[in-house]
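1. the sequence and its predicted three-dimensional model are supplied below.
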Amino acid sequence: MLTVELSDHPGQLLTAETQRREATVTQARSAHEKKLRVLRKQRDTARRQHRWWTYLRAALAIVRHKRDRPRPVAVQPSDAEEILRAGIAGERLIAHELGQALPDEWTLLRGYRNARGEIDHLLLGPKGLFAIEVKNLNATVHVNADTWLADKYDRYGNHVNQYPIADRGGRSPSEQLNQPADALASFLYNRGQAVPVRRVVALAHERSRLGKHANLNVHVAVTANDILRLVRDSPDEISQERRKRLQQLIEQDHEFHNRRPRRPQARRRTR
């Protein structure tokens, strides 16, 4: 399988989040050191002027300030960074497993983007075009149409909580996938390439499970083998010449939208 890296938006988000955290830590340490220098100057001035009560207060303030210095824990990765790292790891895992199984007739386009959103992977080959959204969740996932819920368990198998699965704009995984996939299908159709875009949400974590599910409007894969089974059973047939044209159009569409500024989104809990 050939791989084409269109963009690395999750990696860029991770870099930005890490830089934000490091800047916050640096600012806190800088403020702490600045305050310490001020207190030391007050102490030394009081000592030269033999103002011993002021000297004692400044010396005690220095001791307290040193005790309250920014802790090493502050430099640990944030929750947002851990979520992004997990997502990137899941995408790489799926890409690796597909690459191990599929021949070079297949191409994986990573990080496609259009006006409706982003798609982690576009898999293009003799048996069709597949849009894949990857979720790396250590959870049991319940699906009813566009409502996605995750049951979180601890290491002992005890149920911890249940939470909705949504992106920063509040879209469920199926909405995240279907909206840009619909736009892609329309774009290709308008350029003389009517091809079904098969949609798959892949649960990449080794402990991911699919729980109750109904009214599915995407395929849900728990392993890479589930994706490969969909590929094998696809009724589509796409010639090499047509695959080449489809890839050119996909890359052109991505490049057009990638040059456009991204719309700001409300920050929400991302899974």
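-> Nice, thanks for sending it over.

2. which parts of the protein are helices?
-> Ranges of helices in the chain, per DSSP state H, are 9-48, 52-67, 79-101, 173-190, 224-233, 240-258.

3. low pLDDT regions in the stretch 151-271 of the chain?
-> In the predicted model of the stretch 151-271 of the chain, residues 261-271 satisfy pLDDT under 70.

4. same thing but 90
-> Scanning the stretch 151-271 of the chain for pLDDT under 90 picks out 152-160, 168, 206-207, 258-271.

5. for the closest residue to N215 other than its chain neighbours, give me its contacts.
-> Excluding the flanking residues, the one nearest N215 by Cβ to Cβ, 6 or more residues apart in numbering is A145, at 4.2 Å. Where you see a C-beta, it was placed from the backbone N, CA and C, and this is true even at glycine. Listed by Cβ atoms under 8 Å, 6 or more residues apart in numbering, the contact set of A145 reads 174, 214-217.

6. relative to V197, how far out is A145?
-> Computed as Cβ to Cβ, to the nearest Å, the A145 to V197 distance reads 19 Å.

7. residues near L246, how many?
-> Close neighbours of L246, defined as other Cβ atoms under 10 Å, add up to 20.

8. circling back: highest mean neighbour count out of the helices of the chain?
-> Among the helices of the chain, ranked by average contacts under mean count of other Cβ atoms under 10 Å, first place goes to helix 173-190 (a mean of 20).

9. and that helix, what other elements does it pack with?
-> When contacts are defined as 3 or more Cβ pairs under 8 Å, 6 or more residues apart in numbering; DSSP states H and E, helix 173-190 packs onto strand 107-114, strand 117-125, strand 128-135, strand 197-203, helix 240-258.

10. looking at these, which is closest to W52?
-> Between W52 and these, the shortest separation by Cβ to Cβ is 65.2 Å, and it involves strand 128-135.

11. walk me through which strands that closest one pairs with, and which way each runs.
-> strand 117-125 (antiparallel), strand 197-203 (parallel) (DSSP bridges).

12. run the angle between that strand and helix 240-258 for me.
-> Here strand 128-135 runs at an angle of 40 degrees relative to helix 240-258 (axes from the mean of the first three to the mean of the last three Cα atoms, to 10 degrees).

13. which residue comes closest to L93 once chain neighbours are left out?
-> A204 (5.2 Å).

14. and that neighbour, how many neighbours does it have?
-> Number of residues near A204 (other Cβ under 10 Å) recorded here: 23.

15. need the phi and psi values for it.
-> Dihedral pair for A204: phi -90, psi -20, per degrees, to the nearest 10.

16. what sits against it?
-> For A204, the contacting residues are 89-91, 93-94, 134-136, by Cβ under 8 Å, 6+ apart.

17. kindly recompute the last result at 10 Å.
-> By Cβ atoms under 10 Å, 6 or more residues apart in numbering, the contact list for A204 reads 86-87, 89-94, 97, 120, 134-137, 221-224.

18. for A166, see how far away it is.
-> Going from A204 to A166 by Cβ to Cβ gives 18 Å.

19. dihedrals phi and psi, Q193?
-> Taking degrees, to the nearest 10 as the convention, Q193 sits at phi -120, psi 70.

20. so what's it up against?
-> Contacts for Q193 (Cβ under 10 Å, 6+ apart) come out as 129, 185, 187, 238, 242, 245-246, 248-250.
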